[in-house]
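1. Give me the fold of what follows.
(6 chains)
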There are 4 protein chains.
Amino acid sequence: MRSDEQRPLGRPRASDQTQPTTESITEAATQLFTKNGYQTVSVNDVAKQCNVTKATIYYYFPSKAELFTETMVQMMIRIRKRINAMLHEPIPLKSRLYNITKTHLSATVDIDINGFMKGTTHTLSPEQLERINKAEMDMYQSIEQVFTHAMEQKEIREINPVFATHAYLSLLKVGNYNNEKQAKIYDSIDEMAEQIIELFWEGVQIKES
Amino acid sequence: MRSDEQRPLGRPRASDQTQPTTESITEAATQLFTKNGYQTVSVNDVAKQCNVTKATIYYYFPSKAELFTETMVQMMIRIRKRINAMLHEPIPLKSRLYNITKTHLSATVDIDINGFMKGTTHTLSPEQLERINKAEMDMYQSIEQVFTHAMEQKEIREINPVFATHAYLSLLKVGNYNNEKQAKIYDSIDEMAEQIIELFWEGVQIKES
Amino acid sequence: MRSDEQRPLGRPRASDQTQPTTESITEAATQLFTKNGYQTVSVNDVAKQCNVTKATIYYYFPSKAELFTETMVQMMIRIRKRINAMLHEPIPLKSRLYNITKTHLSATVDIDINGFMKGTTHTLSPEQLERINKAEMDMYQSIEQVFTHAMEQKEIREINPVFATHAYLSLLKVGNYNNEKQAKIYDSIDEMAEQIIELFWEGVQIKES
Amino acid sequence: MRSDEQRPLGRPRASDQTQPTTESITEAATQLFTKNGYQTVSVNDVAKQCNVTKATIYYYFPSKAELFTETMVQMMIRIRKRINAMLHEPIPLKSRLYNITKTHLSATVDIDINGFMKGTTHTLSPEQLERINKAEMDMYQSIEQVFTHAMEQKEIREINPVFATHAYLSLLKVGNYNNEKQAKIYDSIDEMAEQIIELFWEGVQIKES
DNA sequence: CATGAATGAGATTTCATTCAT
DNA sequence: GATGAATGAAATCTCATTCAT
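-> Modelled structure (predicted):
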């Protein structure tokens, strides 16, 4: 179809292979879904973004809902891994959180699950909702565990670890807000991260009486 | 569900009016949009919820986008007023925040603007986006002012008031999370509010050196 | 509703009365229908143009189709009268036709019945179509008679008078074309009229053998 | 009319294809639009006429306006070609015009552009209007050139060729009128054509003084 | 006399999905 | 493995029309 760029004969070299189709699709889907939400993004949008046709997507995924589910779950698994790695470095908890914060603020994808789940409840099957939910929970769990551990070590004060986790992640989103709106709160990611950690850390620190 | 109360053509008799139609529409729209987001909710959904037809909605609002915009703006104005009133009671800032938190957690509507704005950027006109944006900013501003004032009064530590505002509101959303998911973090709203305020307050308090 | 322009008390003076409502409606309708055709013009368009509401139009006319029919018929009656008057002045036929042509070219309304009747066949009732048809025929008839008479007087050659009529009116429309398109054929109405009559007259003249 | 030949989902089998779908669509559209005008004809009407669904039409044409534009332009190109061919046969101009007239009167499609353009100005984009306009102009141009040439050859008298063109086409439409109304002017197409050419030719002939 | 409120039917358009190739 | 062609269902929006006031 693109006759101007004739492909040479023979098996293409490995380096020429850019990416298996499934991956291009998932990648495009991740980007679009997290940015615009489930309803707004059409299967065609995803197809265009990765230069295939709608039908190709249906060759790999049985439905839009499934594509979304898979995409979301995979994304959360990736995020969990990334967080997990940083969560177990041999440095003080505050520093670990600081690093995670910085990494997250520089990442393009958003962690605001609730945001792009808006309005999927009626469309996704219970089983799919459950899978996403599980992935989300898993993502939180390692953080919760770290908080629980830190509490035992008296590194932080007595606090519901689930609450602490959500409070922390919630504050992370303030950083995302920073990116989207025209009026930035802080100029640099570093400063933003520092302020977030500062507030959170004071909030969960052991109170000196 | 429809045929039991088939409304006749033409103008309805004046007698049994309980609420002006515009209000029923806005009310239904607020509920649906905040719960499910812009794209998911169809004009027909709104119509059904308030027992009128699609056409009636288009009689009052020129387009879905405009209905959404109006609804969001009005909602934010209401929230701002409510917050504003509580923000200026003659009690310590921490108590005022606690009250706001409690009120907000018991309210049905959500403050997670970013959430239901997902995917509206392509659909709403720049002018509409701007209106919503302004209403959002206005909503934040009074909180910002209170923080600025509190800083001057040495009630809280030196901190960017915009950041403080967003951090506070972000933590509020942890409460909404509490409502939606099956696994509640805390059983009572009071406890939830206490924990939120506790964390936030420690985070912004003047540090004793 | 327009509080800035308070109407004085008492019965308004006769001169203040601008026009009976029916007439404003017919006038507006004539303008819009002839310019844009039946389907394109909504009842609301007509209402706006004459500063009343849709309901008012329905107070005077039972349906859009009827409004259209009435409007068209009245318009054709007016045109017929105008043509008729000029058709019986005591001057040579060629001059009479020239005058009619000039008058018609300066008039705003269009005589291209077929044009704005496009697509009304399915919408108008047979009876309404018939009324319009009759008015159209009546409009033509007086011209036909004049041609028949002229033939008897050997003022023009033997020719089917119905054909002559339509040929003449057809040529008239060339003038309307002149108005609408950007590239005018002739600058002045006079010149246009002259050329039309010249061509037509030569075409129907008695051939000198 | 629908249920007897319920077409299954998906791509149809290749075997029994008589005509590419695009062509069926354009054909149906040409017929309907020229007969009933833009506004009256719904996309569904076109779809039904060529036994596909609305969605299929939108698969090939991005909008109704575009379908209309394409249809009109293609039709005018076809007409132009047909006229052009006859316009350059090596016979006297009067005979060529006679042939064109006869052919046109037997054709089903109408040349009355203004007629089915009624009310499209507000709906079509300027670019679409421009395309149609250009096709129309192109259609006229070859006729104009022939008249200009004939004038130089003293085959016809001095006359504005644009005017002559429109006058000729206008007279052609008298023939269409003949077809539509119940009361025919002449019984046979041949006679109609003769009369039209007779009138026109006398009208543009060199005057013997 | 005139209008505001409401509706039913239908128009245009989008989109997830299917299927033969 | 990938795609072009086609569709059904639904969404947004328009409009002629009705009716109580």
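2. in chain A, which helix or strand is least confident?
-> Least confident element among the helices and strands of chain A, by mean pLDDT, DSSP states H and E: helix A:113-117 (a mean of 80).
3. Please see if whatever helix or strand comes next after that one touches DNA strand E.
-> Reading on from helix A:113-117 to the C-terminus, the next helix or strand found by DSSP states H and E is helix A:126-152. No. If you take C-beta under 7 Å from any atom of the strand as the test, helix A:126-152 misses DNA strand E, and the best it gets is 11.3 Å. From N, CA and C alone the C-beta is placed, and that goes for glycine too.
4. ok, then the element right after helix A:126-152?
-> In N-to-C order, the element after helix A:126-152 by DSSP H and E is helix A:161-180.
5. one step back: give me the contact list for the least confident helix or strand of chain A.
-> Helix A:113-117 has contacts (C-beta atoms under 8 Å, 6 or more residues apart in numbering or on different chains) with A:33-34, A:36-38, A:72, A:76, A:110, A:132, A:136, B:112, B:114-115, B:118, B:173, B:176-177, B:180.
6. Kindly write the PyMOL command that selects the buried subset of those.
-> Buried members of those, identified by 16 or more other C-beta atoms under 10 Å in any protein chain shown, are gathered into one PyMOL selection as follows:
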select buried, (chain A and resi 33+34+36+37+38+72+76+110+132+136) or (chain B and resi 112+114+115+118+173+176+177)
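7. which parts of chain A sit against DNA strand F?
-> Checking chain A against DNA strand F by C-beta under 7 Å from any atom of the strand, the hits are A:21, A:52-56, A:58-59.
8. if we go to 6 Å?
-> Proximity of chain A to DNA strand F is confined to A:21, A:52-56, A:59 under the rule C-beta under 6 Å from any atom of the strand.
9. Top of those residues by number of neighbours, please.
-> residue A:52 (17 neighbours; other C-beta atoms under 10 Å in any protein chain shown).
10. list the contacts for that residue?
-> A:21, A:24-25.
11. picking that back up, can you say which two of the residues of chain A next to DNA strand F are spatially most distant?
-> Distance extremes for those: the farthest pair is A:21 and A:54 at 13.3 Å, using C-beta to C-beta.
12. residues contacting the residue nearest to residue A:147 when sequence neighbours are not counted?
-> Leaving aside its chain neighbours, residue A:147 sits nearest to residue A:161 (4.1 Å; criterion: C-beta to C-beta, 6 or more residues apart in numbering or on different chains). By C-beta under 8 Å, 6+ apart, the residues touching residue A:161 are A:144-145, A:147-148, A:151.
13. Filter those residues down to the buried ones.
-> A:144, A:147-148, A:151.
14. Phi, psi for the most centrally placed residue in chain A please.
-> Centroid-nearest residue in chain A, with C-alpha atoms, centre = their mean: residue A:111, separated by 4.5 Å. Here is the backbone geometry of residue A:111 (degrees, to the nearest 10): phi -100, psi 0.
15. right, and it touches residue A:101 too?
-> No. Counting by C-beta atoms under 8 Å, residue A:111 sits too far from residue A:101 to count as a contact (11.3 Å).
16. on that earlier part again, chain center to the least confident helix or strand of chain A, what's the gap?
-> Relative to the centre of its chain, helix A:113-117 is centred 11 Å away, using C-alpha atoms, centre = their mean, to the nearest Å.
17. just to revisit the earlier point, make CSV from the contacts of residue A:161 and add pLDDT and distance to residue A:165 to it.
-> Below are the contacts of residue A:161 laid out as CSV (pLDDT from 0 to 100; distance: C-beta to C-beta, whole Å):
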residue, pLDDT, distance to residue A:165
A:144, 93, 5
A:145, 93, 10
A:147, 94, 6
A:148, 94, 10
A:151, 92, 12
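18. Closest one to residue A:89 out of the residues you listed, please.
-> Nearest to residue A:89 out of the contacts of residue A:161 is residue A:145 (C-beta to C-beta; 15.1 Å).
19. gap between the closest one and residue A:75?
-> According to C-beta to C-beta, to the nearest Å, residue A:145 and residue A:75 sit 21 Å apart.
20. The closest residue to chain D within chain A in helix, strand or coil?
-> Closest residue of chain A to chain D, C-beta to the nearest C-beta: residue A:55 (9.7 Å). Of the three states, residue A:55 takes helix under DSSP: H, G, I helix; E, B strand; the rest coil.
21. and if you look at residue A:67?
-> Applying three-state DSSP: residue A:67 is helix.
22. what residues are up against it?
-> Residue A:67 touches A:25, A:29, A:43, A:46, A:57, A:61, counting by C-beta under 8 Å, 6+ apart.
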